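Q: what's the 3D shape of this:
(2 chains)
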There are 2 protein chains.
Amino acid sequence: MSAKKVIFVVADGMGDRPIPQLNRKTPLEAASTPNLDQLAKDGISGAMNTVDIGVRPGSDTAHLALFGYDPNVYYTGRGPFEAAAVGIEMQEGDVAWRGNMGTVDSDLVIKDRRAGRITDVTPFAEEMDGTIIDGIEFILKPGSGYRLPLVMRGKGLSDQISDVDTHVAGVKVHEPEPLDDSDEAEFTAKVLKKFLERSHEVFKKMKINKKRAEKGEPEANYLLIRGAGFKPSLPDFKAKYHLDAACIAGAGMYKGIARMLGMTVFDIPGATGKGDSDLHAKVEKLKEAYDEYDFFFVHVKGADPLSHDEDYNGKVKFLEKFDKMVGELRQFEDAVIVVTADHSTPCTLGEHSADDVPITIYSAEVRDDDVEYFNERGCAKGRLGHITGMHVMPIVIDLMGLASMFGA
Amino acid sequence: MSAKKVIFVVADGMGDRPIPQLNRKTPLEAASTPNLDQLAKDGISGAMNTVDIGVRPGSDTAHLALFGYDPNVYYTGRGPFEAAAVGIEMQEGDVAWRGNMGTVDSDLVIKDRRAGRITDVTPFAEEMDGTIIDGIEFILKPGSGYRLPLVMRGKGLSDQISDVDTHVAGVKVHEPEPLDDSDEAEFTAKVLKKFLERSHEVFKKMKINKKRAEKGEPEANYLLIRGAGFKPSLPDFKAKYHLDAACIAGAGMYKGIARMLGMTVFDIPGATGKGDSDLHAKVEKLKEAYDEYDFFFVHVKGADPLSHDEDYNGKVKFLEKFDKMVGELRQFEDAVIVVTADHSTPCTLGEHSADDVPITIYSAEVRDDDVEYFNERGCAKGRLGHITGMHVMPIVIDLMGLASMFGA
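A: Next up is the predicted model:
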């Protein structure tokens, strides 16, 4: 009997490289993960590059590929995904930017691209959110830390606008320039320039900046934006796969992507998107919603921030906690269970790398292979071979007996 | 010395999934197949998805890919392949449909899409074959069971015509409608409608239907057609590869595809396309024709119908018989021998699946690997890795020393 449900688990940044201090094991190889290993024994495993071999994926492009949306077709830049991450629901014709609160001097030379890694930009967002200039609305919602994405809403906008953020300190902020000859690009650049100047004037005078100056912290006085993009036209997940899908995640970006695809997004108390996240609470939510949905996207963020912090011991511990969650998932016997990562974040690097990630696909009917250990080295010996993210959903759909035949 | 001949063996539906009753072995793993295993030891093996990972192929698209014809380019729908299967040689401009003899009531509501799974539709084909309406000829040849493909021949036809078969019983037959605004589509739909009405009137009055009614069997009174398609433009196999090719097969579909590619098609007494097929007779035919041709497409159907019947024990036995045939092929020492399947048909499913299939390519010169067993698990460890059907012919041609160089 074909599987009835799908539990699609993405452990963000789980893949790694050999760590000298761990006897050249990866954190996943060093961790004690009996449940992951059992899943690998019972399932079919492989090595996967979510986008392609040698491509260093962002979390956004990686997830698009994992859900079967070719990022080379559907990805319209980071702006819209950052906006989705903070809960802005873009409309057709909106243009979105990634943004940081930064520090400029009186000549508009960038002193700090992240305003001393300011931890809460809510007051700045609130001050300027909803501003209307020349009929265009500016939507600003605070992201995590110094992040402050911007959306422009109104008629006649273009996403062909140059970055304002110079990507390096010590130079003057760039004025937004049209990147093509259209009236829309010229108009968008002109209005955006007015908004950035006005917000700079407002930010400079905010009391919070006086307080920061008193504490010796750099003023947060300029919105450094980049990565303009229109709302991506993503076919609805339900229309594409005929599956009712729900998202079980803590971090904003993943909820945002799920919302873009039309999934139901749960809020789970204790799911923080960090190392302290309550993974058991995620399983409980899954159990509660199990009958109502067909497809569960379970995102587990913890390994990624620990990798960015190059904390390999913390990553080992977190993966052991993750292993317990995977053990709990085995209670759902009629499900295809997929466990993988969106990309590797080697602790030796502190950033995403292009290294492939381990993947196991389990269902009661799957062709199990000889793989005994769920990790980078173990899964690469599996009979899935070397796949890309775009292959995963077709395999899952086939295991559910729902794939349409090509031919006769 | 490079190989001089090719023996390309396709065991239809050979791939499978673990069968609980066979200790989670697949039928190929459970069968005793010393000759296949020896071939795997002497050859190079891999796992193959004929079309692509996660794609559930039909036999037609799978064979196109295996012969190096990209089905995404060359496949024009099921109609032409069904027509080829019953021996209709399509001409440029012909349009073909799959068809079933079905049962409708006096309001043209479909009562049974297969007229009680009628086993011989020859009388119906003979009654209407050759009908000419408005200058268009209607060609009807009986397929197996209730199947009755239709070809329209004449000037100004279109394949942009909606299905007449509703795919479900209990609703009225659809009238054929043009799917675009062209004059050709309008004309084709109009003439086709006349033919379907006329054939319905003729079928209703046939004596055979009176007899069926007396026996309590549903009348076969309507030709339910679907999947309109033009003749695919397939480059001739000989022109493509400079090899004289012959087809050794029992089942109509495979002979049809071979004819489309310009292969010589043998009729082999005892080759039935079923489990009882005389596989030794196929080898004898091969021996007889060996000097005259360069490439032999040997199709063995038996495993597929047994899989559709979910008869895993029968499949095990058939594969042991197939193994003996493969043993006989080793007498042809100067040949590249390819043994593979067009798709998996798991007995647990009774249908084609997207699971990969084992493949071994043998020639005296091939880089043999460490694979010891010809089956799903064994071949997947081979050094061919994970390939698609489109890779096979280029590898074969290279082993013959006939590949042209790309570059200098």
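Q: Quick one: name the residues of chain A near chain B.
A: Counting by C-beta under 8 Å from any C-beta of the partner chain, the residues of chain A close to chain B are A:2, A:365-370, A:383, A:385-387, A:391-395, A:397-398, A:401, A:403-408. All C-beta atoms are positioned from the backbone trio N, CA, C, and that covers glycine.
Q: now, which of those lie within helices?
A: A:V392, A:M393, A:P394, A:I395, A:I397, A:D398 (DSSP state H).
Q: Run through the residues that contact the first one.
A: Read that as A:V392. Contacts for A:V392 (C-beta atoms under 8 Å, 6 or more residues apart in numbering or on different chains) come out as A:M48, A:L66, A:G68, A:V338, A:T340, A:I359, A:I361, B:G54.
Q: all strands of the stretch 301-408 of chain A, in order?
A: A:335-340, A:357-362, A:385-388, A:405-406 (DSSP state E, counting those that start in this stretch).
Q: Narrow the contacts of A:V392 to those that are buried.
A: A:M48, A:L66, A:G68, A:V338, A:T340, A:I359, A:I361, B:G54 (16 or more other C-beta atoms under 10 Å in any protein chain shown).
Q: Make a markdown table out of those residues and add pLDDT.
A: Shown next, in a markdown table, are these (pLDDT from 0 to 100):
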| residue | pLDDT |
| --- | --- |
| A:M48 | 98 |
| A:L66 | 98 |
| A:G68 | 98 |
| A:V338 | 98 |
| A:T340 | 98 |
| A:I359 | 98 |
| A:I361 | 98 |
| B:G54 | 96 |
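Q: which one of those is nearest A:L196?
A: A:L66 (35.6 Å; C-beta to C-beta).
Q: which residue sits closest to the closest one in space, ignoring its chain neighbours?
A: Spatial nearest neighbour of A:L66, excluding adjacent residues (C-beta to C-beta, 6 or more residues apart in numbering or on different chains): A:G389 at 4.5 Å.
Q: and the one you found, how far is that from chain B?
A: From A:G389 over to chain B the distance is 11 Å, taken as C-beta to the nearest C-beta, to the nearest Å.
Q: Please name the residues that touch that residue.
A: A:M48, A:N49, A:T50, A:V51, A:A62, A:A65, A:L66.
Q: and of those, the nearest to chain B?
A: A:M48 (11.0 Å; C-beta to the nearest C-beta).
Q: Surely the closest one is within a strand?
A: Yes. The assignment for A:M48 (DSSP: H, G, I helix; E, B strand; the rest coil) places it in a strand.
Q: Please indicate which of the residues of chain A next to chain B are buried?
A: For the residues of chain A next to chain B, a burial check counting by 16+ other C-beta under 10 Å picks out A:2, A:365-369, A:383, A:385, A:387, A:391-395, A:397-398, A:403, A:405-408.
Q: What residue in the stretch 51-200 of chain A comes nearest to chain B?
A: Counting by C-beta to the nearest C-beta, the stretch 51-200 of chain A gets nearest chain B through A:G68, at 9.2 Å.
Q: Run through the residues that contact that residue.
A: A:K240, A:Y241, A:M390, A:V392, A:M393, A:P394.
Q: want to throw those into CSV with pLDDT?
A: Shown next, in CSV, are those (pLDDT from 0 to 100):
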residue, pLDDT
A:K240, 97
A:Y241, 97
A:M390, 98
A:V392, 98
A:M393, 98
A:P394, 97
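Q: Just the buried positions in stretch A:18-32, please.
A: A:I19, A:L22, A:K25, A:T26, A:P27, A:L28, A:E29, A:A30, A:A31.
Q: show me what contacts A:F237?
A: A:F67, A:L243, A:A245, A:L261, A:G262, A:M263, A:F295.
Q: Distance check, it against chain B.
A: 17 Å.
Q: Setting aside sequence neighbours, what's the nearest residue to that residue?
A: Leaving aside its chain neighbours, A:F237 sits nearest to A:L261 (4.2 Å; criterion: C-beta to C-beta, 6+ apart).
Q: Distance of that neighbour relative to chain B?
A: Distance check for A:L261 against chain B: by C-beta to the nearest C-beta, it reads 19 Å.
Q: I figured that residue was touching A:Y74, is that so?
A: No. A:L261 lies out of contact with A:Y74 (C-beta atoms under 8 Å); the separation is 10.2 Å.
Q: Quick check: neighbours shared by those two?
A: A:L234.
Q: So for these two, which sits in the more crowded spot?
A: A direct count of neighbours by other C-beta atoms under 10 Å in any protein chain shown for A:L261 and A:Y74 places A:L261 higher, at 21 against 16.
Q: Determine how far the helix ranked longest in chain A lies from the middle of the whole chain.
A: In chain A, assigned by DSSP H, the helix with the most residues is helix A:183-205. Remark: helix A:183-205 is offset 28 Å from the chain centroid, using C-alpha atoms, centre = their mean, to the nearest Å.
Q: And that helix, what does it pack against?
A: strand A:95-104, helix A:122-128, strand A:131-133, strand A:150-153, strand A:222-230 (3 or more C-beta pairs under 8 Å, 6 or more residues apart in numbering or on different chains; DSSP states H and E).
Q: elements contacting the fourth one?
A: Contacts defined by 3+ C-beta pairs under 8 Å, 6+ apart place strand A:150-153 against helix A:78-85, strand A:95-104, strand A:136-140, helix A:183-205.
Q: For the helix or strand where A:R212 lies, buried residues please.
A: For A:R212, the enclosing helix or strand under DSSP states H and E is helix A:207-214. Across helix A:207-214, burial judged by 16+ other C-beta under 10 Å covers A:I208, A:N209, A:R212.
Q: and those as JSON lines, adding pLDDT?
A: Below are the buried residues of helix A:207-214 laid out as JSON lines (pLDDT from 0 to 100):
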{"residue": "A:I208", "pLDDT": "95"}
{"residue": "A:N209", "pLDDT": "96"}
{"residue": "A:R212", "pLDDT": "94"}
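Q: Just the closest of the residues you listed to B:I139, please.
A: A:I208 (82.8 Å).
Q: isn't that closest one right next to A:V121, touching?
A: No. A:I208 lies out of contact with A:V121 (C-beta under 8 Å); the separation is 9.9 Å.
Q: which residues are common contacts for those two?
A: A:A220.
Q: Just list the residues touching A:G407, thanks.
A: B:P57, B:G58, B:S59, B:D60, B:T61, B:A62, B:P71, B:Y75, B:R78, B:F81.
Q: Swap in 7 Å and give it another go.
A: B:P57, B:G58, B:S59, B:D60, B:T61, B:A62, B:P71, B:Y75 (C-beta atoms under 7 Å, 6 or more residues apart in numbering or on different chains).
Q: now do A:A245
A: Residues in contact with A:A245 (C-beta under 7 Å, 6+ apart) are A:F237, A:K238, A:M263, A:Y293, A:F295, A:F297.
Q: of those residues, buried ones?
A: Judged by 16+ other C-beta under 10 Å, buried ones among those: A:F237, A:M263, A:Y293, A:F295, A:F297.
Q: phi, psi of the residue nearest to A:D309 when sequence neighbours are not counted?
A: Leaving aside its sequence neighbours, A:D309 sits nearest to A:G350 (C-beta to C-beta, 6+ apart; 7.3 Å). The phi and psi torsions at A:G350 (degrees, to the nearest 10) take the values phi 80, psi 10.
Q: Kindly tell me how buried A:G350 is, as a neighbour count.
A: 12.
Q: rewinding a little: redo the buried residues of helix A:207-214 as JSON lines? Include distance to B:S158.
A: Formatted as JSON lines, those follow (distance: C-beta to C-beta, whole Å):
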{"residue": "A:I208", "distance to B:S158": "70"}
{"residue": "A:N209", "distance to B:S158": "71"}
{"residue": "A:R212", "distance to B:S158": "72"}
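Q: related to what we said a few turns ago, can you tell me which of the contacts of A:F237 is closest to A:E186?
A: Nearest member of the contacts of A:F237 to A:E186, counting by C-beta to C-beta, is A:L261, at 33.6 Å.
Q: Give the full set of residues in contact with the closest one.
A: A:F67, A:L234, A:D236, A:F237.
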